[in-house]
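# My questions are about this predicted structure, shown below with the sequence.
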Amino acid sequence: MTIPAFCRWAGIGRTMAYAQAKAGHLKFRKVGAKKTIVLRADAEEWLRSLPAASS
């Protein structure tokens, strides 16, 4: 999915998405020179790796 589609899916902003990628927590992939995507499997893995909320 594209970065905007990933952000809508995850409920986060672009700044957070890029910060997560820069920190190595989320994988971005390039399609050609300009298009950046996130594979659904990578997005789901990132989501599973987030810490659980405390109650």
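Looks like it arrived, so ask away. In this text, all values refer to a predicted model and were calculated from it rather than measured experimentally. Residues are numbered from 1 along each chain as shown.
# Please tell me I have it right and Ile37 contacts Met1.
Yes: if you go by C-beta atoms under 8 Å, Ile37 and Met1 touch, sitting 6.3 Å apart. Where you see a C-beta, it was placed from the backbone N, CA and C, and this is true even at glycine.
# quick one, strands of this structure?
29-31, 35-37 (DSSP state E).
# Among the ones you listed, show me which one is buried the most.
strand 35-37 (a mean of 14; mean count of other C-beta atoms under 10 Å).
# hmm, who's touching that strand?
1-3, 28-31 (C-beta atoms under 8 Å, 6 or more residues apart in numbering).
# right, and out of those, which lies closest to Trp46?
Trp46 has its nearest neighbour among those in Phe28, at 10.8 Å by C-beta to C-beta.
# gap between the closest one and Thr2?
11 Å (C-beta to C-beta, to the nearest Å).
# go on, Thr36?
Thr36 is 7 Å from Thr2, by C-beta to C-beta.
# Ala17 too?
From Ala17 across to Thr2, the span is 11 Å (C-beta to C-beta).
# quick revisit: so which pair among the contacts of strand 35-37 is furthest apart in space?
Met1 and Lys30, at 14.0 Å, using C-beta to C-beta across the contacts of strand 35-37.
# could the contacts of strand 35-37 go into a markdown table alongside pLDDT?
Putting the contacts of strand 35-37 into a markdown table (pLDDT from 0 to 100) gives the following:
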| residue | pLDDT |
| --- | --- |
| Met1 | 97 |
| Thr2 | 97 |
| Ile3 | 97 |
| Phe28 | 97 |
| Arg29 | 97 |
| Lys30 | 96 |
| Val31 | 96 |
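# For those residues, give me JSON lines that also has distance to Leu50.
Shown next, in JSON lines, are these (distance: C-beta to C-beta, whole Å):
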{"residue": "Met1", "distance to Leu50": "18"}
{"residue": "Thr2", "distance to Leu50": "21"}
{"residue": "Ile3", "distance to Leu50": "18"}
{"residue": "Phe28", "distance to Leu50": "17"}
{"residue": "Arg29", "distance to Leu50": "20"}
{"residue": "Lys30", "distance to Leu50": "24"}
{"residue": "Val31", "distance to Leu50": "26"}
